[in-house]
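Q: Quick one, fold the following:
(chains A, B, C and D)
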Amino acid sequence: MKIRRRRTIACLVTAVALALGAAACTEEAPPAKAGSLPTLEITGTGGGPAANFNPFLPTSALNAYSAVNMIYEPLVQFNILKEGSTYPWLATAWTWSDGDKTLTFKLRDGVKWSDGQAFTSADVVFTFELIKKYAGLNVNGVDFETVSAPDDKTVVMTFKTPAFTQLYAIAGLTPIVSKHEWSAVPDPTKFLDPNPIGTGPFVYKSYNPQLLVLTKNDKFWQPGKPEVQQLNYHGLSFETAGIQLLSGELDWADYFFTTGSNKEFVNKNKDNHFWYPPTGVVSLVPNNTVWPLSELPVRQAISAALDRQQICDLGQYTFNPPVKTPTGLLLPNYDSALDPKYKDLTIVEDKAKAKQLLEGAGFTLNKSGIYEKGGKPIALTLTVPSGYKDWMNSSGIIAQQLKTVGISVTVKGVSGDDWSQRVAQGHYDLTLGSSNTGASPFVAYQGWLDNSQSGPVGSNATTNVERFNDPATQKLLTDYQSAGTDDARLTALHGLQGVMVEKTPIIPLVYSVDWAMYRSAKVTGWPTAEDPYAPAAPYTPGAEIVVLRLKPAA
Amino acid sequence: MTVSSETPALEAHGLVKHFPVHRIRQRLRGRGEVVHAVDDVSLTLRSGEVTALVGESGSGKSTVARLLAGLYPLTDGTISIGGATVRATRGRLFREHVRRVQMVFQDPFGSLNPVHTIAYHLRRPLKVHGLAKNRAATRAATVELLEQVNLTPAEQYLAKYPHELSGGQLQRIAIARALAAEPKVLLADEPVSMLDVSIRLGLLNLLAGLVKSLGLAMLYITHDIASARYFATTTLVMYAGRVIEGGPSEELVQRPAHPYTQLLLASAPDPDRAGRDPELLDAGEPPSLVNPPEGCRFHPRCPHAMDICRTEAPGTTELRPGHWTRCWLYSADTEADTAQAPRPSSAASKEHLT
Amino acid sequence: MSAEAIADAVPEPAAQPSPKASTRSRFAGLRSAKTMTGLVMFGVFVLAGAFGPVFWRKDPSALSNDILQPPSSAHWFGTTQTGQDILAQVLVGTRVSLLVGVTAAVLATVLSLLVGLTAGYVGGLTDELFSALANVFLVIPALPLVVVLAGYLPTRGSLTVAVVISLTGWSWGARILRAQTLSIRRRDFIEAARATGERPIRIILFEILPNEFAIVASSFLFTIVFAILTQAGLAFLGLSDVTTWSWGGILYWAQNNQALQSGAWWWFVPPGLCIALIGMALALINFGIDEFVNPRLRVQKLAAKRARQMPVTKSEPRPASRRTDVVLEVTDLHVNYGEEPSAVKAVDGVDLVLRRGEVLGIAGESGSGKSTLAYAITRLLRPPGEVVSGSIHYWPRGEEPVDVLRMSPDELRAFRWAELAIVFQSAMNSLNPVLTLRVQMADSLTAHRPGMSTQQRDARVVEVMTMVGLPADRADAYPHELSGGMRQRALIAMALVLEPDVLVLDEPTTALDVVVQRQILNQIMALREQLGFAVVFITHDLSLLIEVADRIAIMYAGRVIETGSASELYRSPQHPYSDGLLHSFPHLHGPRKVLTGIPGTPPDLRFIAPGCPFQPRCSKAIASCTTTMPLLLATTKGHQVACLLTQPRSDDDGQL
Amino acid sequence: MRYLARRFAFYLITAWAALTLNFLIPRLMPGDPAQALLSRFRGRLDPRATEALTAMFGLNDESMWSQYRTYLADLSKGDFGLSFTFFPTPVSTVIMDSLWWTIVLVGIATVVSFVIGTLLGIIAGWKRGSRWDHLLPVTTFFSSIPYFWFGLIVLFVLSGELRLFPLSGGYSSWLSVDFSWAFLSSAFKHAILPGLTIVIASIAGWLIPMRNMMVTTMSDDYVVLAEAKGLSPRRVMLNYAARNAILPSVATFTMSLGFVVGGAVLTEIVFGYPGIGNNLYQAVINEDFPLMQGIFLIITFVVLLANFLADLVYVWLDPRTRVEA
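A: This next block holds a predicted model:
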């Protein structure tokens, strides 16, 4: 869900700006040589003026185009669409020991850096020591005790506490850099890395603020791969990208048309496709410390009153499917984790039930048709960043829907910065929020429910901004992290689902999706709903998996 | 000619006014260039008498009027009214001063605010000086003022705006406004020069009548020396910020002493002179007042200039009772030269009778 | 410059308008078609903002399933992506945008009034500091500053945005107001108010401020547009609160929902058009204010061409004189300002003859038509002035006369300056401030004598300058580097550069001091002796004319009422007006006669009663004066008078 | 020349005022750039990264005065700090990369609109009362149109639908920035639409005052006299009327450079032009303080410089300013 949000922001930001960086007319592109491997035209947000390929810096061109993994690879690739689905990458195997306090990687043989030098455990050790030394590079908050290399192909990491949940960040999100390049860098936090040396399928070819060109790495460890000659990342405005997509000038885009043009896009050419797999959950976040949201029946009533399908249709351009299960679990991705007892439990819009809940809690309708208790009506403010178009739309719908069950909601749009501060410090009634996303459903639950991610009103909360505080839940979270076995972890997960169903700390609304539009004119092998081997969007870490599966079209 | 023996209504002594040229630069450099607009001017205004101040534009005559009216602070010198020295350019003292000294400006179109009615203009001085207690009294007073300047029926004028009236009417209103404060002294700065020829006399006659009937002391500033002869008891001639000659008007016009006065008279239009070009040697122009000439300020243009004229400013020499000049030609120190004193130019000296 | 000079030099009808007409003309600028259009447009927006949401009772935020509907009877402006009614949004947006605009404009205006008025009135160090502040704000680019400021704002509500805009938008108005205050402060009525004893604060608020109404209004309107545009820009960028429906906010949503791409022009076009239209409305109102402040901008209905370039077509000219010593003859000349029937007859049937080498003086007060006559003779009248009929014949030496009024543009250009040159009264205004004297003198040579070499032109320039007593080294001076007297000499030199036969002097010395005036007159008379040109000398100063002119024509209310030789006119004026004029100026010598002047005021040409125009002021008027217009008739040889008292009623021989 | 010396002193003071304003604004306003960046990368950055970011950007607490001194010292070395958005690229690099685009685009567009507007104004003034008067409402309408709205419509129709012009950017991405014909022609092609919108939207700003001044000047005595001198209408119009009427326009030109650069912010954003206005917008939405400040300063300095150049032109045009006064 995190990724979707980032992308939506980026889309909207570009839409507003109409241009980040600048665009190229692809028709001016030099023609590809006949018979050679295809070149893919990809849209992105554009980079800064300097060629910056530092994989750790969020501001680098590689991150701006989300092309990090094309050059710098992680130890393991995760398919976030399916729980527990992984692809051994630079590491062929990994094992936990010592009560999840020691993690051992076995590295792949025959991997070479793009300059020809061999990839060894020293590089991995160096990378992790680097991010430990420079906090500024540790953007995923990897936290370990020691890292060592017993031999060329083995890396051992130790932790103070059970660290099972860190696997995704350590193995999936940390790009491994070469010791021989980076050890000479005086200050890696300000290093531009103008000539990146990676293990990935592509190497850097050229850069300007409007265009990043990566070309095939002949020394890539998967023989015969990639079957794509070149990746052209274009910094395009939202407008331009749409126009070029429709005219067939782009092969791959993180895109959606707001107004039914998605269909037009697909109908226009048989090679045109889009697939938006859910990757996160968007929820209505009630501030649990504010009356009457502190009362469970009120939260339950709100959840019962909402017509999530309408929110999807009008607020989310029909692309974000409504959440069906009150457990908040991302389905079908995490089907395997669903507690069987909730298997048939679905969220149903039931306005009568909502009213009943409120009346049961002692609320009565006042003259203006709003429920009140002790003379205090339920009048809430829904605070949203005004830049998030779909959230603003959805908020308006939510307000209208709640009005019909006697709950007054005022939508208030604020600046993004103001919003994050208000939310972090608890100065709000209602807001919208997206779940944390990782390789396991636990990530979302931890984000929502972990008391250590919360804090009293006035101090900064990180992810548990609704300030839900429940010792029993806290224990479930701890259980999961120190469980040591998959079964024990599953039990803990079922417990957490129960918390969601029984206590409704937050109100799941719709799934967020990864926007992906692509064309099969030049290449085939794209992920689809039938073969969801990775999210299809060019900006996810899984994009590398996708590129390596592509084959030139017949 | 009435010579009053009482205390003069207004007495000014050694008036000096310098205007700074550039404020900022002056501050930065510590030295200031100034315009010597008025230098060492003394004059006396008596009740019931008109004193004329004659000079070219830029000679400082208007500045003198504004100094006397308290509109500019003095650089140096003293002004006394009824024997008491005044020095106030703001506040209550200032208002007390302007109540006694009022001014009529040159441009009748410009001296009345286009956005206010005539009634407003006349009401304000009454209010400012607390001369009318209530609305009815104010109205009565304004009507009386208009009648005083022969604008009748007065009611017809009260609601009008300045642009609805002619120049002559406006100037009468300006006079009425000046009279509203019941002043002792009236300063008239070229009151008729912007009016049509045919109505100038009416206005001057009105002023002369007011001086008599109200016992005003009036300073009549003009560039028209002929009108000074007609309307002023005493005439003073100004040149480049200084008064260079003064005396009873008739005497001064008929027997000008200072070369500049002679030049002025020779230049003035004179139908009696028709057909004959006056002898005019001079082709010069008034000096810059930022760096005025040393000594006598007229010396660069003076056909009779002597060495001393270039270095020292002449003192006052009394030629006949009441008639004095500031010119080395008549100075006791240069007595020897008086023999060579210029004959007033032929045109000016001969009296023509039609 | 004297009042007569002003009134007569500006080719506008009488200086003293009558009450009703003047109030109308005072606001004439505000009643122009442009202004009315602007006011109506603006009014529509104000009404739409005020009452629109009341009548169009749809909730602008209400969602519906009518997604992206084009305009229909249910949704006049169509719907948005989420089925919201766009008309409702635009109406509420009108309210919000206007409020932001007006709030910002009020704040900015208050700020600029505070700074501008204080700086302008107090002057000195306060002025320098305040103007420096305003200038700094003026130079710092506004929009980037607003964007930066908005970037820092946590809440970007309409009020906050208005405050930010006003902070960046006040300096322009402050600067203009300061300049205006400075110029008003120098006006006599402020001095007069001070001399009355008014307090400074009252002077600022009640004397200065009301006079700045037009400028304040203009800058206020300008700021509204600026604020609406800026707010729209900010909202469009998402830097202002886009949940309130301002026009910029609507555009923000339209843009973010790809309104244009999906063909939903009805969503994207109306808000932008509203902004453009309200900007245009206010600009149109500002045109009216401009014209109110600067009446010269008013486009006269009378087509410019007709009055200026087209020869007179009405009425055949009377045959010109056959006398050989005549150089210029004006016959039955009529000049109107404006169009019939409300035309003002500024010159009403004037006949004049100018003989070679003579000085013809034309005397008259403001409104007498003397300057209009000069402009007509030189064909320099500007609209609304128009020569209605008559002829102006010029006799080239030894050739047939030509009618100046019927010359083609090319003939006219060739005739001008070479044959007839003119000197205006204000030398400062008559010289082009940005060209040197040399250039200004030489260009008439270039135009008329294309064959001349540069050296020859330079030589001629030096020659004429020397002739009028200007040092040759002043040729490369700019006008502002010369004194008033020198400028007037330069103008005379310029007039003589082509040795014209006729020199028209329109109050050439009025603005000068007595001494300088005398010098220059002497110079002109000496040059006339030397070069033999004829002079038409126009002035209000009869005493001067009697001295210098050979013959004098006295004008009153657009007519010549008496003409004759200078000496005879002086000795025995026959028209009561001439007589009155001659008893209106004090003499330097002789006994101090009792001087009476002339009662009453000079005529307002728009309200001339039938009969003798001087009749209302005439002490000798008889009954028939109110009905019969006297003709200009000879009394003695060379002396003509237009007065019923001096002529037998049956005499109809009005020829010169 | 004293006039120029005085202007120069004024520009120095203004520059200092802008510097100080620039220093004060961000410090007087609420907001936290690390938090902003966090929210921008929400989801991908672990909340714990806040500390990392704070450390990375060197945000710390110091006294205002010592910050001010450091600020001035750094600026005097041309050091505007590092951009947050394009970390660790120095702000000066980011600015230099985009500044020329803006100067060329806006500069040329401004000059073109000034020249065309002034010429039309001269003619409209000279022939007032004729059909040329219709120019006034038409151009007024165009000048009241919001830049971005007009630009978007033009962009959508001409580039999007008709594909006559490039959709966005300053040049084709396939070209390297050099002085080759290919690059220059591509840059020109990309500049046409944004330039055109600036010209159309700002032309009335020159036309109307110029026309009004022409009308006013035409009844001035020296113009009447020039006509009386029998000069050709062309010479009267240009050397007498227009030559004087243009002076206030030139003075306004100096002022308006600021407004035009300002207006270009929106134009650049709409057309995705790689200019400084676009960067400013990026900086604002990303709360990139150093970039924001650097750009604001540079814009101000460029405006000041342009103003000074325009002053030089003014001195050349109006001899009265050359006098000691």
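
Q: Over to whichever residue of the stretch 51-200 of chain B sits closest to chain A. Which of the three states is it?
A: Proximity of the stretch 51-200 of chain B to chain A (CB to the nearest CB) peaks at residue B:115, 46.9 Å away. The C-beta positions use only the backbone N, C-alpha and C, and glycine is treated the same way. The three-state label given to residue B:115 by DSSP: H, G, I helix; E, B strand; the rest coil is coil.

Q: burial measure for it, as a count.
A: 18 (other CB atoms under 10 Å in any protein chain shown).

Q: pretty sure it contacts residue C:210?
A: Yes - using CB atoms under 8 Å, residue B:115 is in contact with residue C:210, at 4.0 Å.

Q: Smallest gap between the stretch 301-450 of chain C and chain B, at which residue?
A: For the stretch 301-450 of chain C, CB to the nearest CB, closest residue to chain B: residue C:365, 4.2 Å.

Q: Specify the local secondary structure of that residue.
A: coil.

Q: wait, doesn't it sit right on residue B:195?
A: No - look at residue C:365 against residue B:195 with CB under 8 Å: they stay out of range, at 9.4 Å.

Q: Residue C:107 and residue D:178, how far apart?
A: Separation of residue C:107 from residue D:178 (CB to CB, to the nearest Å): 50 Å.

Q: Settle it for me: which of the two has more neighbours?
A: A count of neighbours by other CB under 10 Å puts residue C:107 above the other of residue C:107 and residue D:178, at 20 against 8.

Q: Can you give me the end-to-end span of stretch D:158-172?
A: 18 Å (CA to CA, to the nearest Å).

Q: do that stretch and chain A meet?
A: Yes - using CB under 8 Å from any CB of the partner chain, stretch D:158-172 reaches chain A at D:160, D:166, D:167, D:168, D:169, D:170, D:171, D:172.

Q: number of nearby residues for the fourth one?
A: Pointing back at residue D:168 there. So residue D:168, with other CB under 10 Å, has 31 neighbours.

Q: Let me know the helix or strand that it is in.
A: Using DSSP states H and E, residue D:168 sits within no helix or strand.

Q: Repeat that for the last one.
A: Residue D:172 is part of no helix or strand when elements are defined by DSSP H and E.

Q: quick one: stretch A:535-549 to chain centroid distance?
A: Taking CA atoms, centre = their mean, to the nearest Å, one finds the center of stretch A:535-549 at 13 Å from the center of the full chain.

Q: Buried by neighbour count: which residues of it qualify?
A: Going by neighbour count (16 or more other CB atoms under 10 Å in any protein chain shown), the buried part of stretch A:535-549 is A:535-549.

Q: Going by distance to residue C:644, which of these wins?
A: Residue C:644 lies nearest to residue A:539 out of those, by CB to CB, at 103.8 Å.

Q: Show the model's pLDDT score for that closest one.
A: Reading off the per-residue confidence, residue A:539 sits at a pLDDT of 81.

Q: what does residue D:48 give?
A: We have a pLDDT of 52 for residue D:48.

Q: same deal with residue D:240?
A: Here the pLDDT value assigned to residue D:240 is 90.

Q: What distance do you get for it to residue A:377?
A: To residue A:377, residue D:240 is 76 Å away according to CB to CB.
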